[in-house]
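Visitor: With the input below, show me the fold.
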Amino acid sequence: MLRPVLQILAGASLCLAVALPAAAQPEIYSSAHHDYRAVPVVEGLMQPWSMAWLPNGDMLVTEKPGRLRVVRDGKMLPEAVPGVPEVLYNGQGGLFDVVPHPDFGNNHLLYLTFAKPVGDNSATAIVRGRFENDQLTDVVEIFVAKASGRPGHYGGRLAFSPDGHMFLTLGDRQAPPAGDLPAHPAQDNSNHQGVIVRLNDDGSVPADNPFVGQAGVLPEIWSYGHRSPQGLVFHPETGDLWETEHGPQGGDELNLIEAGNNYGWPVIGYGVNYVSGAPIHQTTTLADMQQPVRFWTPVIAASGLMVYTGDKFPMWYGNIIAGGLAGEQLANLYMSDDYKTVVREDTLAYGMGRIRDVRQGPDGYIYVATEDRAGAATTAVYRLEPVER
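Guide: Got it, this is the predicted structure:
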């Protein structure tokens, strides 16, 4: 399917979304091509992390402390779904993604990613269970990352490719970038720190993964050299895999992920040391390491990621939309005709709070999950709806 002819106006200027006065309820925003309002869909959540929809229209939402919630007919069921495994809710750890199997309508399989307690440490893990009658049963652990470290940079985003493989992001677990940089865990493929892995839907390793059979390299690895990858999505028309990840003080990235590639952390990049402001990287470019398609300085603290293909916002068709935590925004990225490069950017949903996830619903609207830090007020999921000018 081709994008609408008028989607991108050559040379159009950047336009930041601006909220109308607070008296407008719900709040109305303006952007280059569409005005829209943010309508609360469900409130009273605690640190929502991910959203997904089932064929019957139910929306599933994970709460970072370890609860899976069902939203049915616009109402959140009072009880959390039983059967969710124990999670390590500490630091950046908790319950992460919820993803139905591509054939959920027939097999009712549901996948969860989370920080799993492992002795006195933790690891990112995937479980698969059968979701029926608002319960998760037959839960089986199908993957545990070979990684340890501080309770942060877990990754945890899960996406199915068009051919049915699972891709999971795994962060570097906050390993310091100092010292002999090439020996950093994200450059050492004998572990799962700072990588994206590719798995079969049962957690086994596909025989055609790029490092299968290489001594000292974990066969699940698809790409490496990542810092804290938080967004992951397959483009529904090209099949390309897109990822966003946190840089340090500067240098958040949008990457086009390809098999076997090294994305450079911490050897190359565009960030600096949090405390001193000194450069972290040897350089910004090396021939055998991939450049980001887009980077943000200052950072947006990239979170959820989606490609818009609905009919409610026709001028945004084909755009990549990236959530931002620290930036409290959506980065609306207009793409080239081949969907390979970014040609301009608008800022959407500015000032709504820390945006943890953004998804396109089955109705063609854009849904945004906002998050506050632990101990703060409860948060909500909003639906972005167009407003005629």
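
Visitor: so the most centrally placed residue in the chain, which of the three states?
Guide: For the chain, the residue nearest the mean C-alpha position is residue 231 (2.3 Å; Cα atoms, centre = their mean). What DSSP: H, G, I helix; E, B strand; the rest coil gives for residue 231 is strand.

Visitor: Report the contact partners of the closest residue to residue 189 other than its chain neighbours.
Guide: Nearest in space to residue 189, with sequence neighbours left out and distances taken as Cβ to Cβ, 6 or more residues apart in numbering, is residue 217 at 4.4 Å. Using the backbone N, CA and C atoms, a C-beta is placed for each residue, glycine as well. By Cβ atoms under 8 Å, 6 or more residues apart in numbering, residue 217 lies in contact with 189, 190, 211.

Visitor: these two touch, right, the first one and residue 209?
Guide: To tie it back to what came earlier, the one meant is residue 189. No. The pair residue 189 / residue 209 is not scored as a contact, 11.5 Å apart, by Cβ atoms under 8 Å.

Visitor: who does the helix or strand hosting residue 49 pair up with?
Guide: Secondary-structure element containing residue 49, defined by DSSP states H and E: strand 48-53. Counting by DSSP bridges, the strands paired with strand 48-53 are strand 59-63 (antiparallel).

Visitor: who's residue 249 bridged to?
Guide: Judged by DSSP bridges, the bridge partners of residue 249 are residue 272.

Visitor: What does the pLDDT read for it?
Guide: We note a pLDDT of 89 for residue 249 in this prediction.

Visitor: hey, where'd the strands end up in the stretch 251-389 of the chain?
Guide: Using DSSP state E, counting those that start in this stretch, the strands of the stretch 251-389 of the chain run over 252-257, 294-296, 302-307, 320-324, 329-335, 342-348, 354-360, 366-371, 379-387.

Visitor: Mutual contacts of residue 189 and residue 209, please.
Guide: residue 221.

Visitor: ok, back up a step: need the winner for burial among the strands of the stretch 251-389 of the chain.
Guide: Per residue and on average, the most neighbours among the strands of the stretch 251-389 of the chain fall to strand 320-324, with a mean of 28 (mean count of other Cβ atoms under 10 Å).

Visitor: Not counting that one itself, show me its contacts.
Guide: Outside strand 320-324, the residues within contact range by Cβ under 8 Å, 6+ apart are 231, 233, 242, 244, 254, 300-308, 330-333, 335, 342, 348, 355-358, 366, 368.

Visitor: hmm, 7 Å instead?
Guide: Contact with strand 320-324 is made by 231, 242, 244, 254, 300-308, 330-333, 335, 355-358, as judged by Cβ atoms under 7 Å, 6 or more residues apart in numbering.

Visitor: Kindly report the same for stretch 78-94.
Guide: Under Cβ under 7 Å, 6+ apart, the answer for stretch 78-94 is 49, 64-70, 95, 112, 114-117, 122, 127, 129, 134-137, 139, 150-154.

Visitor: For the residue nearest to the centre of the chain, name its beta-bridge partners.
Guide: Where residue 231 sits in a bridge, its partners, by DSSP bridges, are residue 244.

Visitor: Can you check the pLDDT for it?
Guide: 98.

Visitor: next one: residue 279
Guide: 81.

Visitor: Also residue 282?
Guide: 79.

Visitor: In this structure it contacts residue 265, no?
Guide: No. Between residue 282 and residue 265 there is no contact under Cβ atoms under 7 Å: 11.8 Å.

Visitor: Could you count how many residues lie near residue 232?
Guide: Residues near residue 232, counting by other Cβ atoms under 10 Å, number 23.

Visitor: for it, what are its contacts?
Guide: By Cβ under 7 Å, 6+ apart, the neighbours of residue 232 are 157, 159, 167, 169, 243, 305.

Visitor: so what strands line up beside the one helix or strand residue 98 maps to?
Guide: Per DSSP H and E, residue 98 falls inside strand 95-100. With DSSP bridges as the test, strand 95-100 is paired with strand 109-118 (antiparallel).

Visitor: where does residue 105 land in three-state SS?
Guide: helix.

Visitor: do the same with residue 136
Guide: What three-state DSSP gives for residue 136 is strand.

Visitor: Surely it touches residue 129?
Guide: Yes. With contacts counted by Cβ under 7 Å, residue 136 reaches residue 129, the gap being 4.3 Å.

Visitor: between these two, what contacts are shared?
Guide: Listed as contacting both residue 136 and residue 129 by Cβ under 7 Å, 6+ apart are 83, 110.

Visitor: Leaving out the residues flanking it, which one is nearest to residue 298?
Guide: residue 250 (6.4 Å).

Visitor: Hmm, residue 300 and the one you found touching each other?
Guide: No. Taking contacts as Cβ under 7 Å, residue 250 lies outside contact range of residue 300: 10.9 Å.

Visitor: ok, these two, which is more surrounded?
Guide: Using other Cβ under 10 Å, the more surrounded residue of residue 250 and residue 300 is residue 300, with 23 against 17.
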